[in-house]
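Asks: Sequence and predicted model, in that order:
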Amino acid sequence: MYFYNPENEHGFHVNNVLIAGCGDVGCALASLLKADGHEVWGLRRCVEKLPPGITPVRCDLGEPIDPDSLPSRIDQVVFAPTPGARDESAYRLVFLTGLKGLLTALQNNAHPVSRLIFVSSTSVYGQSAGELVDERSATEPATFSGRVLVEAENIARRSTIASLVLRLSGIYGPGRRGLINRVKSGATCAEWPLHYTNRIHRDDCAAVLRHLLTLKHPARTYLGVDDEPASLCAVMDWMASELGVDKPARCNEPNGPETTGKRCQNTLLKASGYEFKYPNFRLGYTDLLSNSP
């Protein structure tokens, strides 16, 4: 598979891709791209954790970036860092300071970068009464994380590099066993209010990014969610049945709202040609549960 080169309208060539913030999703993407024959650089603090064959760029996005530490030719960039803590200062440091620093460093690159994919989150949406949400929905987040990400998305879009945004929902997959452990430990869930959740498997996250890097004329924003928003109780009940444990007891809040959460839609992403490996939580969790200790 080859990437479109906007400087050559008549063909394709192997791209040079920098993954800035090459963590769990970034490493999965790097492995896919390397297997496709692309040159890949992984920028992170602990480069020892990069997959084989990925060229390391040791860097802390919270500190000034030396332009000379970056490869001389970068065709596309995926910006997918993880904050060092779950607080506003950590989010601002990596998503605002880090993004601005990287964009400044890339200005000195001898070869213009043709595309930047900013990996964002569905937390940019403040809808919380079961609404259907897509790329056209208002972004009025109620959380600091959502507000910082909206600001960062705008920085990416205002840059001199053609940018697009991928808003991922709750990521699950290898090493992410939080919900499985909750069900096994007898955690409760509420049928009232009905709480919608949205998710995407780690492997689909990586494959979606690979797909977006190949599009000639992508949209400006995509939602990265699977086909099936589902209530938390529905997910936990199914999981309990598969694990052979008791279904979660209910902890209803009868005086609360009727519905909470939102239902994110992936129509635009699927219309672009992407086919999900795990289109729903049942398919995605099956392998994880079969390997559950």
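Replies: Cool, the structure landed.

Asks: contacts for whichever strand or helix holds Thr286?
Replies: Per DSSP states H and E: Thr286 is located in helix 281-290. Here helix 281-290 makes contact (C-beta atoms under 8 Å, 6 or more residues apart in numbering) with 172-174, 177, 180, 199, 201, 204, 226, 228, 230, 235, 238-239, 242-243, 278. The C-beta positions use only the backbone N, C-alpha and C, and glycine is treated the same way.

Asks: I'd like to know how many residues surround Asp60.
Replies: When neighbours are counted by other C-beta atoms under 10 Å, Asp60 registers 15.

Asks: does it count as helix, strand or coil?
Replies: coil (DSSP: H, G, I helix; E, B strand; the rest coil).

Asks: From Val94, how far out is it?
Replies: 9 Å (C-beta to C-beta, to the nearest Å).

Asks: quick one, helices of the stretch 151-293 of the chain?
Replies: Secondary structure of the stretch 151-293 of the chain by DSSP state H, counting those that start in this stretch: the helices cover 178-184, 202-214, 232-243, 267-271, 281-290.

Asks: chain center to the second one, what's the gap?
Replies: Read that as helix 202-214. In terms of C-alpha atoms, centre = their mean, to the nearest Å, the centre of helix 202-214 is set 9 Å apart from its chain centre.

Asks: Just the buried residues of that helix, please?
Replies: Across helix 202-214, burial judged by 16 or more other C-beta atoms under 10 Å covers 202-214.

Asks: The first one now?
Replies: Neighbour counts over helix 178-184 (16+ other C-beta under 10 Å) mark Leu179, Ile180, Val183 as buried.

Asks: Which elements pack onto it?
Replies: Applying 3 or more C-beta pairs under 8 Å, 6 or more residues apart in numbering; DSSP states H and E, we find helix 178-184 packed against helix 232-243, helix 281-290.

Asks: same thing with the longest one?
Replies: When contacts are defined as 3+ C-beta pairs under 8 Å, 6+ apart, helix 202-214 packs onto strand 3-4, helix 24-35, strand 76-79, strand 115-121, strand 163-168, strand 170-172, strand 221-224.

Asks: Of these, which shows the lowest average pLDDT?
Replies: When the helices and strands packed on helix 202-214 are compared by mean pLDDT, strand 3-4 comes last with a mean of 38.

Asks: what's near enough to touch the residue nearest the centre of the chain?
Replies: What sits nearest the mean C-alpha location of the chain, by C-alpha atoms, centre = their mean, is Leu168, with 4.2 Å. Residues near Leu168 by C-beta under 8 Å, 6+ apart: Val119, Ser120, Ser121, Thr122, Ile200, Cys205, Gly224, Val225.

Asks: Gly126 against Gly146, yeah?
Replies: Yes. Assessed by C-beta atoms under 8 Å, Gly126 is found in contact with Gly146 at 6.9 Å.

Asks: neighbour count winner among the two?
Replies: Neighbours per residue, other C-beta under 10 Å: of Gly126 and Gly146, the larger number sits with Gly146, 20 against 17.
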